[in-house]
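[1] just coords:
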């Protein structure tokens, strides 16, 4: 199906200044994503994989001021491409949400299946049992896969009942390894929605896992779980895993090993809404985390107007080192849904973040760890208001108004080829029936609301999914169930497809294909191109909130209840 598309274009082209001081191994490609050249390939599994991880950890312990190179090295570890056979190439692990730093929903993986069937087992390697709801996205690192879910299929019969759960599986076999089990917040269901589980996608670096629990705790976990002992300063895992009104149960080898945690609710007076929904951004010694601050139970008041929306935590210790000073709280319409991304613009490393007020902020990335006891304010260098004519004061009075309301962003802004792409609009549950895909020019400084828009493209009534940008095309999927293919330069529609069900998961591009799946449990595969060519569609075993990911020659697709590892059989074509 074709259509002309509804777009608004502005003149202007961005030039990204690339520093001339990079080492021969590292450089920025035109997308602004860091790439490596001239480095030896590593094996997909075995000793050389472990050597790569150890080398990264050793590199990460070097002088903090040199983590511009660290940032590049991390991208190498995650995305280096190597030949593993005469026809297939694998890009490596997928240790965070989206591409390294840019958050673009793309991968360099090749040799992925264009078709699969859960009923017949076509191209299905293994299945990992989850709970009954799984709203996070899986990550793959160092032979392990981690995925947030709930506790409706308990792995430990002694830890039953509604809980938030982070499960760890073996990448090769799908065998269950360990789990983080977190009791629910019992204040009200609007703090920690029943059976929603852990909704935050973790990030992995070396043998450390960083995740935000359903209780608003920023956590550092041991990738090995408790199998190699209880490490770190935090030693009270048994108490943490047990509801306050129940006797403490002994730990098992299949429990998580918490190294440290930072409680955003207790320490910052954050009032999370529905759950914590954060995809942590790792940058050198820092973790950038959105707080999920939002409205109270009535949906009419902001309980914590002074709580920050974006914080920075020291990776090694969990110490708070910086917060935003924008006082976004009073302008939050529902919650702070979006997570940060990092890009280099005008020779400056910037953290881009969509606030709960519908404004895209760019902050200067931190360079040095502040002295003990000092908490910095993030320095805003650029901003863009996605809805400058929308309500700005007493915004909660527009709750349930489907014609007039503020704009909010549930997706993550994506950086590609010197542009920021982001989706947003009226809140799915309480806001106006209007959503858009924006292309922004992030250069310069100050308020760019009147100058920074390159184009705007109309989506359906609501949108939750992040865009994927590849080969001059932007793919955006909305809650009306429409997949849009848009020209990245002009904002004009190339084609659209009406799917069976709403999209919550983001479209994903890899191996010349576009993968997407809906809340009605349908998965679709398209050829990457300006002409619509559907390669496959299949009914799954349940709804999908998780974005598909690819790593080490496999495609991973999670429904609410199961995680599937998909790959071509040996010697098989697509």
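    Good, I have the coordinates. Model, not experiment: these values are computed from the prediction.
[2] Now the residue nearest the centre of the chain: closest residue in space, sequence neighbours ignored.
    Ranked by distance to the mean C-alpha position of the chain (CA atoms, centre = their mean), the top residue is residue 97 at 3.4 Å. Computed as CB to CB, 6 or more residues apart in numbering, the closest residue to residue 97 that is not its neighbour in sequence is residue 279, at 3.9 Å. For every residue, glycine as well, the C-beta is placed using N, CA and C.
[3] Against residue 247, how distant is residue 138?
    33 Å (CB to CB, to the nearest Å).
[4] next one: residue 411
    42 Å.
[5] hang on, residue 198 in a strand?
    No: using DSSP: H, G, I helix; E, B strand; the rest coil, the secondary structure at residue 198 is coil, not a strand.
[6] Burial check on it, number of neighbours?
    When neighbours are counted by other CB atoms under 10 Å, residue 198 registers 32.
[7] For it, grab phi and psi.
    Backbone geometry at residue 198, expressed as degrees, to the nearest 10, gives phi -90, psi 120.
[8] Around the closest residue to it other than its chain neighbours, how many other residues sit close by?
    Spatially, and ignoring its direct neighbours in sequence, residue 198 is nearest to residue 148 (3.6 Å; CB to CB, 6+ apart). Neighbourhood size, residue 148 [other CB under 10 Å]: 33.
[9] what do you get for residue 521?
    17.
[10] which ones are touching it?
    501, 539-544, 559 (CB atoms under 8 Å, 6 or more residues apart in numbering).
[11] what do you get for residue 244?
    Contacts of residue 244 (CB under 8 Å, 6+ apart): residue 183.
[12] Next, work out how far apart it and residue 301 are.
    Relative to residue 301, residue 244 is positioned 27 Å away (CB to CB).
[13] do the same with residue 510
    When residue 510 is compared with residue 301 (using CB to CB), they lie 44 Å apart.
[14] now residue 196
    The spacing between residue 196 and residue 301, counted by CB to CB, is 22 Å.
[15] Between these two, point out the one with more neighbours.
    Ranked by neighbour count (other CB under 10 Å), residue 196 and residue 301 place residue 196 first, with 23 against 11.
[16] And the closest residue to the more buried one other than its chain neighbours, how close does it get to residue 93?
    Of all residues not flanking residue 196 in the chain, residue 275 sits nearest, at 5.0 Å (CB to CB, 6+ apart). From residue 275 across to residue 93, the span is 26 Å (CB to CB).
[17] contacting residues around the residue nearest to residue 196?
    The neighbours of residue 275, taking CB under 8 Å, 6+ apart as the test, are 164, 192-193, 196, 199, 214, 292.
[18] Which members of those residues are positioned in strands?
    Using DSSP state E, the subset of the contacts of residue 275 located in strands is residue 164.
[19] just the contacts of residue 275 now: which is nearest residue 106?
    Of all the contacts of residue 275, residue 106 sits closest to residue 199, with 22.9 Å by CB to CB.
[20] Unless I'm misreading it, that closest one sits right up against residue 276, doesn't it?
    Yes: if you go by CB atoms under 8 Å, residue 199 and residue 276 touch, sitting 6.8 Å apart.
[21] didn't residue 308 look like it was pressed against residue 292?
    No: counting by CB under 8 Å, residue 308 stays clear of residue 292, with 11.1 Å between them.
[22] any residues in contact with both of those two?
    By CB under 8 Å, 6+ apart, residue 308 and residue 292 have these common neighbours: residue 270.
[23] Tell me the spatial nearest neighbour of residue 385, not counting adjacent residues.
    Nearest in space to residue 385, with sequence neighbours left out and distances taken as CB to CB, 6+ apart, is residue 449 at 4.4 Å.
[24] before we move on, could you check phi and psi at the residue of the chain most remote from its centre?
    Most distant from the centre of the chain: residue 247, at 35.5 Å, with distances by CA atoms, centre = their mean. Dihedral pair for residue 247: phi -70, psi 150, per degrees, to the nearest 10.
[25] Could you shift the numbering so residue one becomes 4, and keep it that way?
    Yes, from this point I'll number from 4; that puts the last item at residue 250.
[26] part of a helix, is residue 242?
    Yes: Residue 242 forms part of a helix when assessed by three-state DSSP.
[27] Could you check how many residues crowd around it?
    What residue 242 shows, counting by other CB under 10 Å, is a neighbour count of 10.
[28] Also the one 3 residues further on?
    The number of residues packed around residue 245, counting by other CB under 10 Å, is 16.
[29] My guess is it contacts residue 251. True?
    Yes: using CB under 8 Å, residue 245 is in contact with residue 251, at 5.0 Å.
[30] May I ask which helix or strand encompasses residue 128?
    For residue 128, the host element (DSSP states H and E) is strand 127-132.
[31] any idea of the mean pLDDT for that strand?
    Across strand 127-132, pLDDT averages out at 98.
[32] Over to stretch 336-346?
    96.
[33] What is the end-to-end distance of that stretch?
    The first residue of stretch 336-346 is 27 Å away from its last residue (CA to CA, to the nearest Å).
[34] show me where the stretch 404-553 of the chain has strands.
    Ranges of strands in the stretch 404-553 of the chain, per DSSP state E, counting those that start in this stretch, are 417-419, 422-428, 438-443, 449-450, 456-461, 471-473, 476-480, 485-490, 496-501, 511-513, 516-520, 525-530, 537-542, 552-554.
[35] Indicate which one of those is closest to residue 268.
    With CB to CB, the closest approach to residue 268 among the strands of the stretch 404-553 of the chain belongs to strand 422-428: 26.0 Å.
[36] just for the stretch 154-303 of the chain, where's the confidence low?
    For the stretch 154-303 of the chain, no stretch is flagged by pLDDT under 70.
[37] Can you give me the neighbour number for the residue nearest to residue 210 when sequence neighbours are not counted?
    Closest residue in space to residue 210, ignoring its immediate chain neighbours: residue 226 at 4.5 Å, by CB to CB, 6+ apart. Here the number of neighbours of residue 226 (other CB under 10 Å) works out to 21.
[38] Thought residue 142 was touching residue 226, still the case?
    No: assessed by CB under 8 Å, residue 226 is found out of contact with residue 142, at 10.9 Å.
[39] Identify the contacts common to these two.
    By CB under 8 Å, 6+ apart, the residues touching both residue 226 and residue 142 are residue 207.
[40] Tell me where the stretch 54-203 of the chain has strands.
    Under DSSP E, counting those that start in this stretch, the stretch 54-203 of the chain gives strands at 85-86, 92-93, 109-110, 127-132, 142-144, 147-153, 166-173, 179-186.
[41] for the third one, packing partners?
    Secondary structure elements in contact with strand 109-110, counted by 3 or more CB pairs under 8 Å, 6 or more residues apart in numbering; DSSP states H and E, are strand 471-473, strand 511-513, strand 552-554.
[42] Need the residues that contact the last one.
    This points to strand 552-554. 93-97, 110, 112, 115, 140-143, 174, 511, 513-514, 558-559.
[43] And the first one, by the same measure?
    Around strand 471-473, the neighbours that count as contacts under CB under 8 Å, 6+ apart are 107-109, 417, 419-420, 424, 477-478, 491, 509-512, 517, 531.
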